[in-house]
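In: kindly generate the corresponding structure for this input.
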Amino acid sequence: MPFMIAFDLEGPLSPQDNAYEVMGRVPEGYGLFERLSRYDDVLTLRGRKGYEPGDTLTLIVPFLLANRIDEADIRNATARAGLVPGAREAVQALQQRGLPVVVISTSYCQHAHGIAGRVGVPADRVACTLLPVNEMRSQMTEEDRAFVLDVQRKLLAVPLAEEERINRLCDEFFWNDLPSRSVGKLVQQVQVVGGARKTAALTRFARAFRAEPARLIAVGDSITDFKMLAAVEEAGGLSIVFNGNEYAVPFGTCGVAAVDLRAVLPVVEAFLDGGRANAMHTVEELAEQVAGEEGPVYNWLLSLKDYSGVVEVHKRFRRKIRGQAAKLG
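Out: A predicted model of the protein is given here:
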């Protein structure tokens with residue numbers, strides 16, 4: 001029976017948070033994105049019905065449209081994005097072994113297709129968030145644009161530390177005001193591939209490649225990945241947390257903290273050759289080796305009860321690789 005491996009894109013393959021960079025095209029856009037990203041975490045932790053981690057990419061849409069961001073802005077940000085060291089080589093090594101490699105990303109497709117292409121994954125093996133931004137922008141009324149820009153000014157006037165005030169403003173805007181406006185209908189069309197939608201995409205790819213659940217491998221790092229990581233782990237597959245945060249680490253089979261994606265290859269090879277028992281044996285052997293400042297650091301997460309030490313190590317490598325984007329959920 002065939003195996004299959006799925007990579008999250010932002011983190012494991014590329015350090016850039018593309019939505020954050022695109023919002024940088026908006027006046028004070030980084031500050032606005034950080035407020036909306038924190039609100040996204042709050043909605044996820046509240047368990048709001050129908051809301052999935054990563055839906056920040058829906059929350060920012062009215063502001064992208066009001067500030068006249070277009071396709072070229074997204075593609076220009078992609079052009080500036082780097083790759084995680086070893087990403088292209090790791091993907092090619094897995095493909096040369098005959099392993100189907102897919103990418104499952106919350107990113108807008110303009111960005112996901114660009115990065116996936118650079119590591120050698122074709123567009124038909126990429127699940128991502130469709131945003132026909134030029135078409136949507138042309139449909140936004142001037143009245144709605146003025147309204148959204150006024151909300152933007154109010155949000156930016158609230159200090160980032162005053163989360164309760166930000167949450168109240170966002171609650172009023174996203175769930176009371178926006179749905180009654182025509183721009184709200186446009187925003188509702190955006191279905192971000194995060195959380196349970198990543199798991200659904202994984203299932204679709206697995207069926208296409210006839211890969212059994214216990215032969216799936218997932219590589220992720222953040223709050224948008226934890227449901228996919230948990231699903232693979234529960235099915236008996238291998239879920240690898242690569243430079244993860246506190247939202248991802250507790251849901252992995254094993255953790256790899258490193259400055260080069262090729263650090264995951266020994267664990268993947270062990271799983272392909274001898275299943276989870278062999279992967280665990282390999283991780284435990286690698287964990288005993290002394291790692292320098294550049295790592296890699298390995299952990300078999302299933303044997304842990306307290307993840308705090310592992311999370312701190314992963315966050316250190318996350319900052320090395322992702323810089324400013326590391327602080328986002």
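In: what's the single longest helix in this protein?
Out: Secondary structure of the chain read by DSSP state H shows that its longest helix is helix 265-288.
In: in it, what counts as buried?
Out: Of all the residues in helix 265-288, those buried under the rule 16 or more other C-beta atoms under 10 Å are 265-272, 276, 279-280, 282-283, 286. Just so you know, the C-beta spots here come from the backbone N, C-alpha and C atoms, and that holds for glycine as well.
In: likewise stretch 95-109?
Out: Going by 16+ other C-beta under 10 Å, stretch 95-109 has these buried residues: L99, P100, V101, V102, V103, I104, S105, T106, S107, Y108, C109.
In: what's the spacing between R210 and S37?
Out: The gap separating R210 from S37 is 37 Å, by C-beta to C-beta, to the nearest Å.
In: got it, and M136?
Out: To S37, M136 is 21 Å away according to C-beta to C-beta.
In: tell me the contacts of the closest residue to L302 other than its chain neighbours?
Out: In this structure, L302 finds its nearest non-sequential neighbour in T253, 6.1 Å apart by C-beta to C-beta, 6 or more residues apart in numbering. With contacts defined as C-beta atoms under 8 Å, 6 or more residues apart in numbering, T253 is in contact with V232, E233, G237, L238, S239, I240, R276, A279, W300, L301, L302.
In: distance check, T253 against A214.
Out: T253 sits 12 Å away from A214, taking C-beta to C-beta as the criterion.
In: shared neighbours of these two, anything?
Out: G237.
In: look at Y51 and give its secondary structure.
Out: The three-state label for Y51, taken from DSSP: H, G, I helix; E, B strand; the rest coil, comes out as coil.
In: wait, it touches L45, no?
Out: No. Using C-beta atoms under 8 Å, Y51 is not in contact with L45, being 10.4 Å away.
In: more crowded one of those two?
Out: Using other C-beta atoms under 10 Å as the criterion, Y51 and L45 rank with Y51 on top: 18 against 12.
In: got a list of what that one touches?
Out: L43, T44.
In: change it to 6 Å
Out: By C-beta atoms under 6 Å, 6 or more residues apart in numbering, the residues touching Y51 are L43.
In: if I look at it, how far off is R210?
Out: Computed as C-beta to C-beta, the Y51 to R210 distance reads 33 Å.
In: then L149?
Out: Using C-beta to C-beta, we find L149 at a distance of 50 Å from R210.
In: between the two, who's got more neighbours?
Out: L149 (15 against 11).
In: which element is that one on?
Out: helix 142-157 (DSSP states H and E).
In: mean confidence score for the helix or strand following that helix?
Out: Remark: after helix 142-157, the chain's next helix or strand is helix 163-172, criterion DSSP H and E. For helix 163-172, mean pLDDT rounds to 95.
In: same check on stretch 86-104?
Out: For stretch 86-104, mean pLDDT is 97.
In: where is the longest strand in the protein?
Out: Using DSSP state E to define each element, the chain has its longest strand at strand 101-108.
In: what about the next helix or strand after that strand, distance to the chain center?
Out: Using DSSP H and E, the next helix or strand after strand 101-108 towards the C-terminus is helix 109-119. Centroid separation for helix 109-119 versus its chain: 14 Å, with C-alpha atoms, centre = their mean, to the nearest Å.
In: for stretch 149-167, same thing?
Out: Centre-to-centre, stretch 149-167 and its host chain are 25 Å apart (C-alpha atoms, centre = their mean).
In: same question, stretch 285-296
Out: 26 Å.
In: and what of stretch 243-252?
Out: Using C-alpha atoms, centre = their mean, the offset of stretch 243-252 from its chain centre is 12 Å.
In: figure out the length between the terminal residues of that stretch.
Out: Stretch 243-252 has an end-to-end distance of 12 Å (C-alpha to C-alpha, to the nearest Å).
In: for stretch 303-314, same thing?
Out: Span of stretch 303-314 from end to end, C-alpha to C-alpha: 17 Å.
In: please name the nearest non-neighbouring residue to L9.
Out: Take L9 and drop its neighbours on the chain: the residue closest to it by C-beta to C-beta, 6+ apart is S105, 3.7 Å away.
In: contacts only, for that neighbour.
Out: L9, A112, C128.
In: and the closest residue to the second one other than its chain neighbours, helix, strand or coil?
Out: This points to A112. What sits nearest to A112 in space, not counting adjacent residues and going by C-beta to C-beta, 6+ apart, is C128, at 3.6 Å. Reduced to three states with three-state DSSP, the structure at C128 is strand.
In: and what of V241?
Out: Three-state call for V241 (three-state DSSP): strand.
In: my read: it touches V249, true?
Out: Yes. The criterion here is C-beta atoms under 6 Å, and V241 meets it with V249 at 5.3 Å.
In: more neighbours: which of those two?
Out: Neighbours were counted for V241 and for V249 using other C-beta under 10 Å; V241 has more, 33 against 24.
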